[in-house]
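Participant: when you get a sec, could you give me coordinates for this:
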Amino acid sequence: MANAAPRSRARARPATPPTRVLTIANQKGGVGKTTTAVNLAASLAAAERRTLLVDLDPQGNAGSALGIRRDESETSIYEVLLDGRPLEEALRQTELKFLDLVPASQHLVGAEIELAVHEDRERRLQAALGPVAGAYEFVIVDCPPSLGLLTLNGLVAAQGVMIPLQCEYYALEGLADVLKTIELVKASANPELVVDGIVLTMFSPNNLANQVADEIRKTFGRQCFKTVIPRNVRLSEAPSHGKPILLYDVTSKGCQSYLALAREVASRLDKGAR
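Facilitator: Take a look at the predicted model:
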């Protein structure tokens with residue numbers, strides 16, 4: 001279990017580059033979305049990039065993968081979004097010095113309905129991140145596997161979206177849906193939103209996976225990250241130990257792939273900021 005503790009405020013830190021809010025989204029479940037959010041955030045933190053991971057998924061798996069069980073925190077993202085509590089009150093330390101977490105809670109299950117009555121329902125996360133975002137270089141938002149109000153909050157708060165994609169038959173169909181949603185958000189609540197990239201996950205070298213990967217690369221070109229996350233047993237085991245893969249088995253192919261993805265993400269965004 002992580003040496004996690006509530007924190008009353010963000011750590012005192014020197015000035016940082018502009019914050020990049022990066023939402024991990026795909027309405028299709030089981031594509032490695034939370035695994036990507038957790039291990040990308042951990043890998044960025046390992047590179048001493050100050051990172052905040054926000055768990056918007058009612059299942060709370062991003063938190064438990066870092067050793068912080070859902071509902072053990074007095075303040076979660078639910079109280080931030082629905083009760084207007086400062087996000088600073090929900091910050092939790094993790095085992096990694098440069099990684100903080102805002103956990104989910106079971107109450108998020110009903111948040112979609114509760115948020116619907118608020119006029120600013122799609123901007124709650126954006127407003128909450130404002131006071132603390134400057135303390136971080138990256139804010140990674142893990143969304144539920146749906147395109148409801150919680151995911152909409154993640155998309156409105158973000159500058160960029162990363163789409164994890166499993167190389168299987170229905171992948172392209174699901175990708176079309178999430179891209180359509182992103183275009184709708186760009187046309188209304190967040191014109192600056194861009195797709196930072198598509199990452200191929202849970203890749204097993206077989207004919208179908210290779211065909212899907214080739215089709216994605218041909219269609220999306222440089223938007224598709226060069227790094228491919230393989231299907232890896234150690235990646236599957238790590239959450240049950242409450243650890244990101246780099247604290248569970250740094251030599252595994254899964255860990256090395258996420259470290260490479262973090263380098264690629266940071267390099268792309270650093271070049272874009274120049």
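Participant: so what touches the longest helix belonging to the chain?
Facilitator: If each helix of the chain is counted by residues according to DSSP state H, the longest one is helix 253-273. For helix 253-273, contacts defined as CB atoms under 8 Å, 6 or more residues apart in numbering pick out 17-18, 20, 22, 36, 39-40, 42-44, 46-47, 49, 160, 162, 196-197, 199, 225-230, 232, 234-235, 238, 245-246, 248-249. To be clear about C-beta, it is placed using only N, CA and C from the backbone, and glycine gets the same treatment.
Participant: so where do the helices sit in the stretch 101-250 of the chain?
Facilitator: Along the stretch 101-250 of the chain, counting by DSSP state H, counting those that start in this stretch, helices occupy 111-115, 124-133, 149-157, 171-186, 207-220, 233-237, 245-248.
Participant: ranking those helices by burial, who's on top?
Facilitator: Most buried of the helices of the stretch 101-250 of the chain by mean neighbour count (mean count of other CB atoms under 10 Å) is helix 149-157; its value is a mean of 25.
Participant: CA atoms only: put the lowest-mean-pLDDT helix or strand in the chain into PDB for me.
Facilitator: Lowest on mean pLDDT, DSSP states H and E among the helices and strands of the chain sits helix 171-186, with a mean of 86. The C-alpha trace of helix 171-186 is given here as PDB (Å, rounded to 0.1, in the frame of the first residue of the first chain):
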ATOM      1  CA  ALA A 171     -11.300  -0.400 -32.500                       C
ATOM      2  CA  LEU A 172     -11.900   1.900 -35.500                       C
ATOM      3  CA  GLU A 173     -15.600   2.100 -34.900                       C
ATOM      4  CA  GLY A 174     -15.100   3.200 -31.300                       C
ATOM      5  CA  LEU A 175     -12.400   5.600 -32.400                       C
ATOM      6  CA  ALA A 176     -14.800   7.300 -34.800                       C
ATOM      7  CA  ASP A 177     -17.300   7.900 -31.900                       C
ATOM      8  CA  VAL A 178     -14.700   9.500 -29.600                       C
ATOM      9  CA  LEU A 179     -13.300  11.700 -32.400                       C
ATOM     10  CA  LYS A 180     -16.900  12.800 -33.200                       C
ATOM     11  CA  THR A 181     -17.400  13.800 -29.500                       C
ATOM     12  CA  ILE A 182     -14.100  15.700 -29.500                       C
ATOM     13  CA  GLU A 183     -15.200  17.700 -32.600                       C
ATOM     14  CA  LEU A 184     -18.500  18.500 -30.800                       C
ATOM     15  CA  VAL A 185     -16.600  19.800 -27.800                       C
ATOM     16  CA  LYS A 186     -14.300  21.800 -30.000                       C
END
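Participant: contacts for it next, please.
Facilitator: With CB under 8 Å, 6+ apart, helix 171-186 has contacts from 25-28, 31, 147, 151-152, 155-156, 161, 163, 165, 192-193, 195, 198, 212, 215-216.
Participant: one more time with 6 Å
Facilitator: Asn26, Gln27, Lys28, Leu147, Leu155, Val161, Ile163, Leu165, Leu193, Val212 (CB atoms under 6 Å, 6 or more residues apart in numbering).
Participant: residues contacting the third one?
Facilitator: The reference is to Lys28. Lys28 neighbours (CB under 6 Å, 6+ apart): Gly174.
Participant: go on, the fourth one?
Facilitator: Taking CB under 6 Å, 6+ apart as the contact definition, Leu147 lies against Gln27, Thr181.
Participant: 10 Å - rerun?
Facilitator: Residues in contact with Leu147 (CB atoms under 10 Å, 6 or more residues apart in numbering) are Ala25, Asn26, Gln27, Leu155, Asp177, Val178, Lys180, Thr181, Ile182, Leu184, Val185.
Participant: how about the fifth one?
Facilitator: By CB under 10 Å, 6+ apart, Leu155 lies in contact with 23, 25, 122, 125-126, 141, 143, 147, 161, 178, 181-182, 184-186, 189-190, 193.
Participant: ok, Ala25 next?
Facilitator: Ala25 neighbours (CB under 10 Å, 6+ apart): 33, 37, 56, 141-147, 151-152, 154-155, 158, 161-164, 178, 181-182, 195.
Participant: Ala104 now?
Facilitator: With CB under 10 Å, 6+ apart, Ala104 has these contacts: 54-64, 68, 70-71, 73, 76-78, 111, 142, 144, 150.
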